[in-house]
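Peer 1: 3D model of this:
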Amino acid sequence: MANDPDDTREHGIEFGALTGDLEEESYPLSHETLLSRYGDRELGLIGEQVTLREVLSSEHEREYEDAESVRQAVFNMVGDGAIGREDYSDRGGSAPDEGDSNETESF
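Peer 2: Numbers count the residues shown, from 1 in each chain. Purely as a prediction, here's the structure:
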């Protein structure tokens, strides 16, 4: 199945129309310019909306080389808001719980 071109959610973050705008932007782009153009754009996290400015508020004097570098900065700074259920994976199998041991119990 092909990726849905209207799907703008990556790693639990809904970028919305910002995805296309970042792809069409001219780079390199300073942090100040990025926020002046797109800082009020909202990103959708699990159960809340935050602005790009809120997410990247602690980034300073950075230059973005392309749209991917902006997305990576968001992924690094967004925190637990985009995770959803902690310790959940949709990749199949199960992760061992803390306290599980590899020893086999004998009866």
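Peer 1: from residue 56, how far out is residue 38?
Peer 2: 10 Å (CB to CB, to the nearest Å). In this view, the C-beta of every residue, glycine as well, is placed from N, C-alpha and C.
Peer 1: by residue count, tell me the biggest helix in the chain.
Peer 2: In the chain, taking DSSP state H as the definition, the longest helix is helix 67-77.
Peer 1: counting neighbours, which bits of that one end up buried?
Peer 2: 67, 69-71, 73-74 (16 or more other CB atoms under 10 Å).
Peer 1: counting contacts, what elements does that helix pack onto?
Peer 2: helix 18-24, helix 52-55 (3 or more CB pairs under 8 Å, 6 or more residues apart in numbering; DSSP states H and E).
Peer 1: that one - what's its average pLDDT?
Peer 2: Averaging the model's pLDDT scores along helix 67-77 yields 93.
Peer 1: who has more neighbours, residue 38 and residue 56?
Peer 2: Neighbour count, other CB atoms under 10 Å: between residue 38 and residue 56, residue 56 has more, with 22 against 18.
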